[in-house]
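>>> task: produce atomic coordinates for the following.
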Amino acid sequence: MSARSLRALVTAGLLGLAGIAQAAIPAGERTVLLNLYTSTGGAAWTTSTNWNGAAGTECTWYGITCDVGGTTVTRIILFNNNLTGSLPGNLSGLTNLSELYVDGNQLTGSIPALTGLTSLRGFGAASNQLTGSIPALTGMTNLAGFNVEGNQLTGSIPALTDLTNLAGFNVGLNQLTGSIPALAGLPNLVSFYAQNNQLTGQIPALTGLSKLKGIRVSSNQLTGTIPALTGLTNLLFFMVHANQLTGNVPSVPSPSALLPGNSLLCPNLLNPTADPAWDAATGTTPWYASCTGIATPPTLQSALSRKVHGAAGTFDLPLTLAVPPAVNQNPTTEPRQGPTATIVLTFDKPIAGLTVTITEGAATAGARTFAGNDVVVPLTGVSNQQYVTVSLTNVDSLDGGTGGSGSVRIGFLAGDVNQNRVVTVSDLAQVNAQIAQLVGQGNYLKDVNASGTLTVADKGIANTQITKALPAP
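Sure, this is the predicted structure:
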C-alpha cells in the first residue's frame with residue numbers, strides 16, 4: 001500500500017470516529033435534560049461533570065447514558081446528588097428512556113406525568129420530599145420497578161392491572177389513602193410495599209402471584225380478612241401488622257419458603273387459633289401473642305449529637321427536644337466543627353421504620369439506621385451559624401405502634417464552647433485553658449475539631465469564629 005493510500009485510509013477512519021463523537025441526541029431530548037438541570041438546582045449538584053456542554057456532548061454528562069450510537073438518552077441516574085427543586089414536566093420527551101433514578105435527594109413538588117415514557121423499566125424517587133399524587137401508570141407495560149418510598153405523597157395508589165412486567169413496587173412511608181389496587185394480572189410481581197400510609201379497605205386477592213417474595217402493608221387502616229396465600233411458594237416474608245384485620249389467618253403456602261421470624265401478623269384483631277407454621281414464620285409462640293389490641297405510637301424520649309473524637313473515643317452532647325406544637329425556644333448549641341454531624345434520637349420502644357425530614361436549615365439527612373430504641377441520623381452539608389431541625393414522622397415500632405413523631409432543633413456554631421450562641425474571647429479562653437489536656441467527659445466540647453487532642457488548632461478555630469452568633473431562637 002502506498003503512503004498516499006495509507007494516509008487516505010487513516011484520514012477516513014479519523015473522520016468516521018469524529019462522526020461518532022459528534023452524534024447528537026434530538027434537540028427535544030437535550031431540552032429536557034437542560035430543564036432537568038435548571039429545575040433541580042444543577043449548579044449546586046454534588047457532581048455535574050460536563051452538564052450544559054455543547055450539543056453532541058450530552059451522552060458524556062454525569063449520570064446520563066445513551067444508546068450505542070449516542071443518538072438517544074436511555075438512562076438518567078442521579079442518586080444522592082443534592083438535587084433540589086422539582087422534576088421538569090416534560091420528561092415524556094425522553095421517549096427511549098428506560099431508567100430514571102433520583103433517589104436520596106431533596107426534591108419537592110409533584111411527580112410529573114410518566115405515561116409517555118413507554119420504554120421506562122425503572123423509576124426511583126425514594127427519600128425525597130415529593131408531594132401530590134402518584135401519576136397514572138397506565139400503558140407502561142415495560143415498567144419493572146417503581147419506588148417512591150419515604151416522601152409526602154397523598155391520594156391513592158394508581159391502577160396496576162396492565163403492568164405485566166412489574167416486579168417491584170414500593171410506595172411505603174407516605175400519606176396515601178384509599179384502597180390497595182388489584183394485584184391480579186401481575187405475574188412477575190416479586191415485592192409489594194405500601195407500609196406506613198393511611199390505606200383502607202381489604203388486602204386484595206394474591207392469586208396468581210407465583211413469583212411474590214415479599215409483601216409489606218403494615219401500619220395502615222386495613223380491614224377485613226387476610227386473603228389466601230395458596231400458590232405463593234416463593235413468599236419469604238409477609239408483613240400485615242398494625243392494621244384492623246379480622247377473622248382467621250390463612251394457611252401458610254405449601255410448600256412454604258417463609259423465613260423464620262421474618263413475618264408479622266400482630267397487632268390486629270385476628271382470631272387466636274393455634275398454628276405452629278405461623279409461630280415459626282413470625283418468631284413468636286403463639287403467633288397471636290400481640291394481637292390483643294393496637295399498640296400505642298412510639299414516643300420520642302431524648303436526643304443527642306454524637307461525634308467521634310479520634311482515639312479519645314465517642315462523646316455525646318445531650319440535646320433539648322422540641323415539644324410540639326411549640327417551637328423549641330432553647331435549642332442546644334453544638335460547638336464542634338462540621339460539616340458532618342450524627343443525631344441520635346431515642347424512643348420509648350424499638351423502632352421499625354420512619355421518615356426523616358430536614359424542616360429547617362441547610363443539611364442533608366443520610367440513610368437512618370435503627371439500634372433498638374435508637375434512631376441514628378447522619379447529617380452532611382451542615383452549614384455553620386444556623387439552626388437545623390430534624391423531624392421524624394410515620395414512626396413505626398416493632399410492636400406495631402404507628403403514627404409516632406418527634407423533632408429536635410440544634411444550633412450549629414463552631415467555637416461557641418460555652419453555648420451562649422455567640423463566640424467571644426470567653427470561648428477562646430476556655431479552649432486555651434484546656435490545651436494539652438486529655439479529652440474527656442468534662443472538656444470534650446473544647447475539642448472543637450473533634451481530633452481527640454486539645455491543641456492550638458482548636459484555639460485557632462475558635463479565634464476565627466469570634467463575633468459570629470446564632471440568631472435569637
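>>> sticking with Val249, tell me its helix or strand.
Taking DSSP states H and E as the definition, one finds Val249 inside no helix or strand.
>>> mind listing what it touches?
Each residue near Val249 by C-beta atoms under 8 Å, 6 or more residues apart in numbering is listed here: 226, 265, 270-271, 273, 275, 278, 287. No exception for glycine: its C-beta is placed from N, CA and C like everyone else's.
>>> and what of Leu259?
236-237, 281.
>>> ok, Ala24 - how many residues close by?
Using other C-beta atoms under 10 Å, the number of residues around Ala24 comes to 15.
>>> quick one, phi psi at the closest residue to it other than its chain neighbours?
Closest residue to Ala24 apart from its sequence neighbours, by C-beta to C-beta, 6 or more residues apart in numbering: Gly56 at 4.3 Å. With angles defined as degrees, to the nearest 10, Gly56 sits at phi 100, psi -10.
>>> just checking, Gly56 touches Pro26?
No - between Gly56 and Pro26 there is no contact under C-beta atoms under 8 Å: 11.8 Å.
>>> are any of the contacts of Val249 buried, and if so which?
The neighbour-count test (16 or more other C-beta atoms under 10 Å) applied to the contacts of Val249 identifies 226, 265, 270, 275, 278, 287 as buried.
>>> what's the closest of those residues to Val308?
Leu265 (40.5 Å; C-beta to C-beta).
>>> residue contacts, the closest one?
Applying C-beta under 8 Å, 6+ apart, we find Leu265 in contact with 226, 238, 240-241, 249, 278, 282, 287-288, 291.
>>> so how far is whichever strand in the chain runs longest off the chain centroid?
Using DSSP state E, we find that the single longest strand of the chain is strand 386-397. Distance of strand 386-397 from its chain centroid, counting by C-alpha atoms, centre = their mean, to the nearest Å, is 13 Å.
>>> please apply the same query to stretch 118-136.
Centre-to-centre, stretch 118-136 and its host chain are 13 Å apart (C-alpha atoms, centre = their mean).
>>> do the same with stretch 301-310
Centroid separation between stretch 301-310 and its chain, computed with C-alpha atoms, centre = their mean, is 22 Å.
>>> mean confidence for that stretch?
Mean per-residue pLDDT for stretch 301-310: 94.
>>> stretch 401-416 now?
Rounded mean pLDDT across stretch 401-416 is 90.
>>> list the buried residues of it.
Buried-residue list, stretch 401-416, by 16+ other C-beta under 10 Å: 401-402, 404-416.
>>> just the endpoints, please. Distance across that stretch?
End-to-end distance for stretch 401-416: 40 Å, by C-alpha to C-alpha, to the nearest Å.
>>> what does stretch 62-71 give?
Note: stretch 62-71 ends 17 Å apart using C-alpha to C-alpha.
>>> which residues does it contact?
20, 23-26, 33, 47-51, 58-59, 72-78, 81, 96.
>>> now do stretch 275-293
Applying C-beta under 8 Å, 6+ apart, the contact partners of stretch 275-293 are 238, 241, 249, 251-252, 256, 258-274, 399-400.
>>> what's the spacing between Ile64 and Gly185?
34 Å (C-beta to C-beta, to the nearest Å).
>>> and those two? Which one has more around it.
Higher neighbour count among Ile64 and Gly185: Ile64, with 21 against 15, using other C-beta under 10 Å.
>>> and the more buried one, backbone torsions?
Ile64 adopts backbone torsions of phi -100, psi 130, taken as degrees, to the nearest 10.
>>> hey, what's it bridged with?
Ile76 (DSSP bridges).
>>> would you map the strands across the stretch 351-473 of the chain?
Along the stretch 351-473 of the chain, the segments classed as strands by DSSP state E, counting those that start in this stretch run 351-360, 364-365, 369-371, 374-380, 386-397, 404-412.
>>> TSV for these, including distance to Lys459?
Below are these laid out as TSV (distance: least, C-beta to C-beta, whole Å):
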stretch	distance to Lys459
strand 351-360	31
strand 364-365	30
strand 369-371	35
strand 374-380	26
strand 386-397	23
strand 404-412	20
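>>> which one of those lies nearest to Asn197?
strand 386-397 (8.4 Å).
>>> show me what the closest one is packed against.
For strand 386-397, the elements it packs on are strand 341-347, strand 351-360, strand 374-380, strand 404-412, judged by 3 or more C-beta pairs under 8 Å, 6 or more residues apart in numbering; DSSP states H and E.
>>> so the third one versus strand 386-397, what angle?
Orientation of strand 374-380 against strand 386-397 (axes from the mean of the first three to the mean of the last three C-alpha atoms, to 10 degrees) gives an angle of 140 degrees.
>>> what's the answer for the longest one, then?
Counting by the same axes, to 10 degrees, strand 351-360 points 160 degrees away from the direction of strand 386-397.
>>> again with the last one
Our comparison of strand 404-412 with strand 386-397, counting by the same axes, to 10 degrees, yields an angle of 160 degrees.
>>> give me the pLDDT for the spatially most central residue of the chain.
Central residue check for the chain by C-alpha atoms, centre = their mean: the C-alpha nearest the mean position is that of Ser127, 2.8 Å away. If you check Ser127, the pLDDT there is 94.
>>> OK, contacts around it?
Residues near Ser127 by C-beta under 8 Å, 6+ apart: 103-105, 149-151, 367.
>>> any of the residues you listed buried? List them.
Buried among the contacts of Ser127 by 16+ other C-beta under 10 Å: 103-105, 149-151.
>>> and the two most separated of those?
Asn105 and Glu149 (13.6 Å).
>>> quick one: name whatever helix or strand follows the helix or strand bottoming out on mean pLDDT in the chain.
Least confident helix or strand, the chain: helix 3-21 with a mean of 36, by mean pLDDT, DSSP states H and E. Next helix or strand after helix 3-21 toward the C-terminus (DSSP H and E): helix 27-39.
>>> from the chain's centre, how far out does that next one sit?
Counting by C-alpha atoms, centre = their mean, helix 27-39 comes out at 25 Å from the chain centroid.
>>> any buried residues in it, and which?
Those buried within helix 27-39 under the rule 16+ other C-beta under 10 Å are 29-30, 32-33, 35-37, 39.
>>> now those residues as TSV including distance to Pro471 and pLDDT?
As requested, the buried residues of helix 27-39 are exported to TSV (distance: C-beta to C-beta, whole Å; pLDDT from 0 to 100):
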residue	distance to Pro471	pLDDT
Glu29	45	95
Arg30	44	96
Val32	41	96
Leu33	39	97
Asn35	36	97
Leu36	35	97
Tyr37	33	98
Ser39	31	97
